[in-house]
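>>> A predicted structure for the sequence below; I have some questions about it.
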Amino acid sequence: MPAPDRRAFLLQTGKLIVLTASAAAAWDYVVAGQPENAPDYDASAHWWAMIIDVERCIGCGRCVQACKAENGVSTEPSYFRTWVERYEIDPADPEHPRVESPNGGYDGFPENTKAGVKTFFVPKLCNHCADSPCVQVCPVGATFQTPDGVVLVDKEYCLGCRYCVQACPYGCRYIDPETHTADKCTLCYHRITKGLQTACVEVCPTGARYLGDLKNPGDPIHEFLRTHMVQVLKPQMATHPKTFYNGLDGAVR
Amino acid sequence: MAPFRSYEHLLRLAALFAVGATLFLGLRWLLVPSDYGRFGPYRAAALAANQARPIVYAGQLACVDCHSDVAELRKTNAHERIGCESCHGPLAAHAADPANAAIRPDPRGTCGVCHVPDVAKPRGFKTVNFAEHAEPGSCTSCHPAHAPKL
């Protein structure tokens, strides 16, 4: 191998070993003499998580509307990045809860004044699993976990094979009717990387949703997780979700 | 030991292998994007593509930046912590240029989104039977939205 190649190889390898992912991304701009254009968001310094406080959700569907508006999701029923379910559990038959989600809760829920049943709302969204089955099954590497723990889709690279839609145990993925590629909650990656809240957190009137950064020791999420009995959905799947539910009933799947 | 004479078949095999390897490396070079694998088994450019999407909801801080009077009005009342865009809708265009007028929410419909009765709502959440309670007028004539009182 000629010397310059070895040098290039060592440089490249050294760069990857020494620099963090985000610094490696900025390096190209530094070398090009335009360090001011390098992204200043340090992805490896964050590890995003979401808390859903079930006891605060009033089922207004504002999050569903905001999510669709922010992300340009089709308003046709059955395309949701987040949706709200209403559970109804008959005390005589707790194993078979009745779950409804008319249009994902987009227009709220029909009035319910039934007495004698256990009933509550559960907002759902992508759990941004640390060991995500959808990432594992993608045959081309079009879905991946970012250095800050968000599961994203590369829509230019996706083939639309639907493997990931089947693999997600939480039903959080769909095929975009326009591009025919996989799509899902991005945890508003375009917002959180600029210091904003996700759209659903922004509009939730009761504070039932909270976006937290597990790598930031000063984030109130640590205090919340310490002082509340939280659960994740389907822990038996070993997907290690980063969406934590407070006050979740055991009947919720 | 006799010298190794018959080696042409090995040369043919080696040539075949070389052609195959060149083809493989060439195709790989053509088909795999240059930024694939920089952070992991995906295109690094996909991160930037996901970040580049337009923002639709301006965020509470942007609202309060100009409308500090409303923020002051909402202090210590039941609606204090509700994001402005929860009722007023997405306002990034308005925040970027105030000439884009913000839409005034329809009072009756907007209040109803949250305050319709439902046994699934958390205990203590204020609900009202709109058909019985309210005259056809607007809710806000008695309950100002930024400073609601019962």
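That came through, no problem.
>>> Now for residue 5: which residues touch it?
Just going to use chain A. Residues counted as contacts of residue A:5 (C-beta atoms under 8 Å, 6 or more residues apart in numbering or on different chains): none. Backbone N, C-alpha and C define where each C-beta goes, glycine included.
>>> right idea, wrong chain: chain B
If you count contacts by C-beta under 8 Å, 6+ apart, residue B:5 has none.
>>> can you tell me how far it sits from chain A?
Using C-beta to the nearest C-beta, to the nearest Å, residue B:5 is found at 33 Å from chain A.
>>> Need the pLDDT of that residue.
pLDDT for residue B:5: 77.
>>> Let's verify it: helix, strand, or coil?
Recorded secondary structure, residue B:5: coil (DSSP: H, G, I helix; E, B strand; the rest coil).
>>> Next, the residue most central in space within chain B: secondary structure please.
With the centre of chain B defined as its mean C-alpha position, the nearest residue by C-alpha atoms, centre = their mean is residue B:55, 8.1 Å away. Counting by three-state DSSP, the backbone at residue B:55 sits in coil.
>>> who's in contact with the closest residue to it other than its chain neighbours?
Nearest residue to residue B:55, sequence neighbours excluded (C-beta to C-beta, 6 or more residues apart in numbering or on different chains): residue B:92, at 5.0 Å. The contact partners of residue B:92, by C-beta under 8 Å, 6+ apart, come to B:54-58, B:62.
>>> Filter these down to the buried ones.
Burial by neighbour count, judged by 16 or more other C-beta atoms under 10 Å in any protein chain shown, picks out B:55-58, B:62 from the contacts of residue B:92.
>>> before we move on, back to that, is it true that the residue nearest to the centre of chain B touches residue A:196?
Yes. Using C-beta atoms under 8 Å, residue B:55 is in contact with residue A:196, at 7.0 Å.
>>> Chain A: strands as residue ranges?
Assigned by DSSP state E, the strands in chain A fall at A:48-53, A:82-89, A:98-100, A:118-125, A:143-145, A:151-153, A:174-175, A:182-183, A:209-213, A:230-231, A:243-246.
>>> Turn those into TSV, including distance to residue A:168 and mean pLDDT.
Converted to TSV, these look like this (distance: least, C-beta to C-beta, whole Å; pLDDT from 0 to 100):
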stretch	distance to residue A:168	mean pLDDT
strand A:48-53	16	97
strand A:82-89	14	96
strand A:98-100	18	94
strand A:118-125	11	96
strand A:143-145	10	96
strand A:151-153	10	97
strand A:174-175	10	96
strand A:182-183	10	97
strand A:209-213	20	97
strand A:230-231	19	96
strand A:243-246	13	97
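>>> all helices of the chain, in order?
Since no chain was named, I'll use chain A. For chain A, helices defined by DSSP state H occupy the ranges A:3-18, A:21-31, A:62-71, A:133-137, A:163-167, A:189-192, A:199-203, A:220-227.
>>> right idea, wrong chain: chain B
Using DSSP H, helices in chain B cover B:8-31, B:45-51, B:60-66, B:68-74, B:84-88, B:92-96, B:107-115, B:130-133.
>>> Of all these, which one is nearest residue A:206?
helix B:107-115 (8.1 Å; C-beta to C-beta).
>>> Buried by neighbour count: which residues of the closest one qualify?
Using 16+ other C-beta under 10 Å as the test for burial, helix B:107-115 gives B:107, B:110-115.
>>> can you tell me which of the residues you listed are up against chain A?
Applying C-beta under 8 Å from any C-beta of the partner chain to the buried residues of helix B:107-115, one finds that B:113-114 fall near chain A.
>>> Dump the buried residues of helix B:107-115 to a markdown table, plus distance to residue A:187 and pLDDT.
Output for the buried residues of helix B:107-115, formatted as a markdown table (distance: C-beta to C-beta, whole Å; pLDDT from 0 to 100):
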| residue | distance to residue A:187 | pLDDT |
| --- | --- | --- |
| B:107 | 33 | 76 |
| B:110 | 27 | 88 |
| B:111 | 30 | 89 |
| B:112 | 30 | 88 |
| B:113 | 24 | 90 |
| B:114 | 25 | 92 |
| B:115 | 30 | 91 |
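>>> thinking again about what came up before, between all of the contacts of residue B:92, which two are separated the most?
Largest pairwise distance in the contacts of residue B:92, by C-beta to C-beta, is 14.6 Å, between B:54 and B:62.
>>> rewinding a little: from the buried ones among the contacts of residue B:92, which is closest to residue B:27?
residue B:55 (40.0 Å).
>>> What about the closest one? Give its phi and psi, please.
Main-chain dihedrals, residue B:55, degrees, to the nearest 10: phi -90, psi 130.
>>> List the contacts of it.
Applying C-beta under 8 Å, 6+ apart to residue B:55 gives the contacts A:70, A:190-191, A:194, A:196, B:92.
>>> now these: which count as buried?
Neighbour-count burial within those applies to A:70, A:190-191, A:196, B:92; the criterion is 16+ other C-beta under 10 Å.
>>> For residue 67, the count of nearby residues, please.
No chain specified, so I'll use chain A. 23 (other C-beta atoms under 10 Å in any protein chain shown).
>>> Chain B, not that one
Neighbours around residue B:67, by other C-beta under 10 Å: 15.
>>> In the chain, where is pLDDT below threshold?
Defaulting to chain A. Within chain A, the stretches with pLDDT under 70 are A:1-4, A:11-39.
>>> um, chain B though
B:1-3, B:136-137, B:150.
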